[in-house]
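Asker: Return atomic coordinates for the entry below.
(one chain, ligands or ions: 2)
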Amino acid sequence: MPVTGVFGGTFDPMHLAHLRIVRALRDELQLHEAEDCIRVIPTGFPPHRAQAVASNEQRLEMCRLTIGNEPGLLLDDRELRRDRFCYTVETLAELRGELGASAPIVFLMGADSLTHFHTWHDWRHILDLAHLAVAARPGSDLTHGLNPTVAHLLSENATSPSRPTLSHGKIYVLSTPPEDVSATELRSRLRSEQGTEGLLAEPVRRFILDNRLYR
Ligand SMILES: Nc1ncnc2c1ncn2[C@@H]1O[C@H](COP(=O)(O)OP(=O)(O)OP(=O)(O)O)[C@@H](O)[C@H]1O
Ligand SMILES: O=C(O)c1ccc[n+]([C@@H]2O[C@H](COP(=O)([O-])O)[C@@H](O)[C@H]2O)c1
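Answerer: Ligands and ions are numbered 1, 2, ... in the order given. Modelled structure (predicted):
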């Protein structure tokens, strides 16, 4: 049964730590079969934070440039085509409708996202629709100080990475080491004309300079 990964984000801009955790998802969950794919889905109107600095079109293009020819990755603009807030539960319900009841779907997030998961719209339903995969992130400890609801969810459902056979309900904790990169830090570096070597794909760095983004 083909497995679908889903990676949602503001991606303002998409950076190399994003690409690294997508690769970790693909490799640790063994998503190497011909029909497996990981959908990168930039959010349109984020439900939970200020509007992005770059436009929808610019963020989409920076995702496209970051993904390049990476095998198994697919850029999906469905949330950008909505003209209202995008909740993950709705996107996953839509994908579930398209892929069928038994298809494994895995939603990828960083550990900082998991720490706030209990605040997401209809979050309990998300694990009825998909698995989660969580990548470590500096400053977000998954073993101490978690909100009790999230800690309980993790203790009930966490599992080590392997190719999913069930359709939903597990939390795969990826073993990729934390990397201290954020889009906020990148925007601030770009604003103050500091270097971004090793943090952005080269075509994205070019695109940002050419379009005088984040000045
Ligand atoms: N360095 C990182 N390590 C692990 N996960 C990350 C990292 N950076 C981003 N993510 C995850 O990628 C997803 C999309 O993140 P987002 O586009 O908001 O990037 P960000 O770097 O967190 O941006 P910002 O600083 O603007 O909040 C989220 O689930 C987030 O947790
Ligand atoms: O559905 C929600 O309530 C919800 C709340 C916070 C974040 N999300 C999703 O989580 C993903 C990462 O968000 P962010 O802010 O870290 O870029 C992105 O796809 C968001 O739409 C979703």
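
Asker: from what I can see G9 touches H18, true?
Answerer: Yes: using CB atoms under 8 Å, G9 is in contact with H18, at 6.6 Å. To be clear about C-beta, it is placed using only N, CA and C from the backbone, and glycine gets the same treatment.

Asker: So between those two, which is more surrounded?
Answerer: Counted by other CB atoms under 10 Å, G9 and H18 do not tie: H18 has more neighbours, with 23 against 20.

Asker: Which strand or helix spans that one?
Answerer: Element membership of H18, judged by DSSP states H and E, is helix 16-28.

Asker: cool, and L153?
Answerer: Assigned by DSSP H and E, L153 falls in helix 148-157.

Asker: Now find how far off-centre the helix or strand that comes right after that helix is within its chain.
Answerer: Heading C-terminal from helix 148-157, the first helix or strand you meet, by DSSP H and E, is strand 158-159. Strand 158-159 sits 18 Å away from the centroid of its parent chain (CA atoms, centre = their mean, to the nearest Å).

Asker: Within its sheet, name the partner strands of strand 158-159 and how each one runs.
Answerer: Sheet partners assigned to strand 158-159 using DSSP bridges are listed as strand 171-173 (parallel).

Asker: hmm, back to that, how about the helix holding H18 against ligand 2, any contact?
Answerer: No: applying CB under 6 Å from any ligand atom, one finds helix 16-28 separated from ligand 2 by no less than 9.6 Å.
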